[in-house]
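Trainee: build me a model:
(2 chains)
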Number of protein chains: 2
Amino acid sequence: MKTYKKGILPPGFQASAISCGIKRSGKPDLALFFSAKPALASCVFTTNDILAAPVILSKTHLKNNNRFQAIIANSGNANCFNAKTGLKDARETTRVLARALGLKQESILVASTGIIGKRLPLLKIKRGIPKLIKGLSSPGIDKAARAIMTTDTFAKKFSLKFNAGAKEITVCGIAKGAGMIAPNMATLLGFIFTDAHITQAALNQALKIAVNNSFNCITVDGCMSTNDTVMLLANGAAGNAKIHGGKNLDLFVRALSLACLELAKMIVRDGEGASKFIKISVKYARDQQTARAVALSIANSNLFKTAAYGENPNFGRIASAAGSSGAGIREKDLKIKVSPLKKKEIDVEVALNQGSASAVVYTSDLTPEYIKINAAYN
Amino acid sequence: MKTYKKGILPPGFQASAISCGIKRSGKPDLALFFSAKPALASCVFTTNDILAAPVILSKTHLKNNNRFQAIIANSGNANCFNAKTGLKDARETTRVLARALGLKQESILVASTGIIGKRLPLLKIKRGIPKLIKGLSSPGIDKAARAIMTTDTFAKKFSLKFNAGAKEITVCGIAKGAGMIAPNMATLLGFIFTDAHITQAALNQALKIAVNNSFNCITVDGCMSTNDTVMLLANGAAGNAKIHGGKNLDLFVRALSLACLELAKMIVRDGEGASKFIKISVKYARDQQTARAVALSIANSNLFKTAAYGENPNFGRIASAAGSSGAGIREKDLKIKVSPLKKKEIDVEVALNQGSASAVVYTSDLTPEYIKINAAYN
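Mentor: Next comes the predicted model:
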């Protein structure tokens, strides 16, 4: 498997991005992803009760259709909690784009990220669509990765290539994160493109596993967003023997999991105000759910996160956070190991001595910068 | 009912405090509460899996005994996560105190707050006990309220008097809070004294209700402590007709609830680094548990708390936090009202339109000062 810290779109995919004026800064804020031939899609969305309009609309399109050719994504406005206009505006976006591309509306997926509760500037988006389409290209993925950023400080891109039989399959992903990152999913957008030839069931299974082992193992501030979306398109252009199970599916799952994990780790590294990258491994738990609950309880503890920021080796806060997760931990069985806090990358190992299950969660520290960013954001 | 923002110990109780050297600052760090005659006790403790030694020991004494005459409490050291020495040290403290007071060991309760995982400086405590006993007095409650402080910036005291038939009953409480304050109970110590004549069952019932409506309705940082303890002693000195139920128990519950709520609010007002006092009311919920879950989800959202600090009226963050609690909220039914954020006291009202239950939770904002305090604390 060859890996690349950049975006390499598989054959048949193109991307594009423009500044249409949603962001006052004039930075890119509208991205388009296009598949020349109809592609399979698999998506994972937030589990928040309050769903952004693009999430609702994409879910509808996924229910009514099974081949997709475009994704349109904007930053700067979440198009959420806009009861009267949200869905209408998202629908109008896909209508205009569908007409311009000569597609049916339901073959388009939508995603938004940014401020909640403000009306989407629909006119700016509609006006930008012709230019967006004109700019489509394979290297366009780079600008698209920048156009989905909100408080991110760098674009998150990862690609890999691997062989399935005689054919080479490419997986290319971009993501945005920064704040409001917590399982399940948080304000995170991820767009992944592959030329794998694969069944819908195998694609769904692969994405579910990959997301569970990556985007759902990270937390920045414990806050779950209304807009979290991971979209995976597979156009089959690699011409490999159709993946439906067995060794080839294992290979594909491994490749997709790696791509998602690398993107997820970039999100943590770029957590709002983060100065530390923290890996929390919980071992010897009764079951995986317990291991995960303990790891997340530590990862979301403001006291632990500020201690990490202060390079203050406070084992008590780790013990206390672990003990508050309701896992039935016994103090005498609890072993905690922490790597030197002076470093930028910190490893926390917690052994529960209850069983043999384990889980890993990634998080960042909590810093004055996080507060500065979020006190001002609007 | 007459209320006082100071400590007025009921007849028969005395308190005392000294600086025994646990705190490097030289501030008071050891408090003693004494009841001249054996008193009933009712206590509520943290539900953390990891229990501090004083919690374990007090629970044992409460199981083996039913009359109590002293509580010894220290700040600066939580005596927690000290597997080999914790319980031995707590026990030795009660042994020395019992001998000096001529009591049996099991009539003493213990509480600690402060750093986790450092051995209790037992010798300093033992050496301080004679002076502590010598200083016992009714006004000693003031110094005792200061001696249980950690990062608190002011002592928390509240008293009230009410009539039960021809007799006047006094309730006097002190508390400490500041950080690690979350339901259930958090690093919170509360000591309440009453001269009410009451049955054990009624006393337990009253404390349970009062704590649920006060200390369990506040959150500062969502972190649950290993040491949370609320202790209530009732010496019967008021000479009222014994309270066992009915109207007099209602009166007592109301009085005790008010005392606990006032102390709980002081804890939120003094939350580490807090610049805002926030009341979150959730109304028209399916049931009380749902109302409470939604209120806590908002109260513990770092994004909401930083928005409050930034005086940034971000309704979206409230909606998103409410929606992430798993309450099954429908966007069209969700109504949010927020009082002006420029003020120090903020009211958030969330209507779910699912039913008729409601809940109130109090919290503070998340500020750079919180991080400063907790990055350095050790």
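Trainee: buried sites along the helix or strand where residue A:161 lies?
Mentor: For residue A:161, the element it lies in under DSSP states H and E is strand A:156-164. For strand A:156-164, the neighbour count (16 or more other Cβ atoms under 10 Å in any protein chain shown) marks A:156, A:157, A:158, A:159, A:160, A:161, A:162, A:164 as buried. The way it works is simple: take the backbone N, C-alpha and C, and place the C-beta from them, glycine included.
Trainee: averaged pLDDT, stretch A:176-189. What do you get?
Mentor: In this model, stretch A:176-189 has a mean pLDDT of 61.
Trainee: same question for stretch A:201-213.
Mentor: pLDDT averaged over stretch A:201-213 gives 96.
Trainee: output it as CSV, restricted to C-alpha atoms.
Mentor: C-alpha atoms of stretch A:201-213 as CSV (Å, rounded to 0.1, in the frame of the first residue of the first chain):
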residue,chain,number,x,y,z
ALA,A,201,-23.5,-3.8,0.8
ALA,A,202,-19.7,-4.2,1.0
LEU,A,203,-19.3,-0.4,0.6
ASN,A,204,-21.7,0.3,3.5
GLN,A,205,-20.0,-2.3,5.7
ALA,A,206,-16.5,-0.9,4.9
LEU,A,207,-17.5,2.7,5.7
LYS,A,208,-19.2,1.7,8.9
ILE,A,209,-16.2,-0.1,10.2
ALA,A,210,-13.7,2.5,9.0
VAL,A,211,-15.7,5.4,10.7
ASN,A,212,-16.1,3.5,13.9
ASN,A,213,-12.4,3.0,14.1
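Trainee: I would like the residues contacting it, please.
Mentor: A:40, A:42-44, A:185, A:198, A:230, A:232, A:234, A:243-245, A:249, A:252-253, A:256-257, A:259-261 (Cβ atoms under 8 Å, 6 or more residues apart in numbering or on different chains).
Trainee: rewinding a little: which other residues reach the strand holding residue A:161?
Mentor: Outside strand A:156-164, the residues that reach it (Cβ under 8 Å, 6+ apart) are A:1-8, A:141-142, A:145, A:168-177, A:196, A:238, A:240-241, A:243, A:248, A:251-252, A:255, A:258-259, A:262-263, A:266-267, A:270.
Trainee: gap between that strand and the chain center?
Mentor: Centre-to-centre, strand A:156-164 and its host chain are 16 Å apart (Cα atoms, centre = their mean, to the nearest Å).
Trainee: quick one: stretch A:336-349 near chain B?
Mentor: No. Stretch A:336-349 stays clear of chain B (Cβ under 8 Å from any Cβ of the partner chain), getting no nearer than 9.1 Å.
Trainee: so for that stretch, what gets flagged as buried?
Mentor: Buried, per 16+ other Cβ under 10 Å, within stretch A:336-349: A:336, A:338, A:341, A:346, A:348.
Trainee: ends of it, what's the gap?
Mentor: 6 Å (Cα to Cα, to the nearest Å).
Trainee: return the distance of it from the chain's centre.
Mentor: Distance, centroid of stretch A:336-349 to centroid of chain: 25 Å (Cα atoms, centre = their mean).
Trainee: show the average pLDDT along that stretch.
Mentor: Stretch A:336-349 comes out at a mean pLDDT of 94.
Trainee: just to revisit the earlier point, and which of the buried residues of stretch A:336-349 is nearest residue B:112?
Mentor: Nearest to residue B:112 among those is residue A:336, at 20.5 Å by Cβ to Cβ.
Trainee: ok, the closest one to residue A:278 distance?
Mentor: In this view, residue A:336 and residue A:278 are 14 Å apart by Cβ to Cβ, to the nearest Å.
Trainee: what is in contact with those two at once?
Mentor: By Cβ under 8 Å, 6+ apart, the residues touching both residue A:336 and residue A:278 are residue A:348.
Trainee: tell me, how many neighbours does residue A:316 end up with?
Mentor: Using other Cβ atoms under 10 Å in any protein chain shown, residue A:316 is surrounded by 26 other residues.
Trainee: residues contacting it?
Mentor: For residue A:316, the contacting residues are B:78, B:80, B:81, B:115, B:116, B:117, B:226, by Cβ under 8 Å, 6+ apart.
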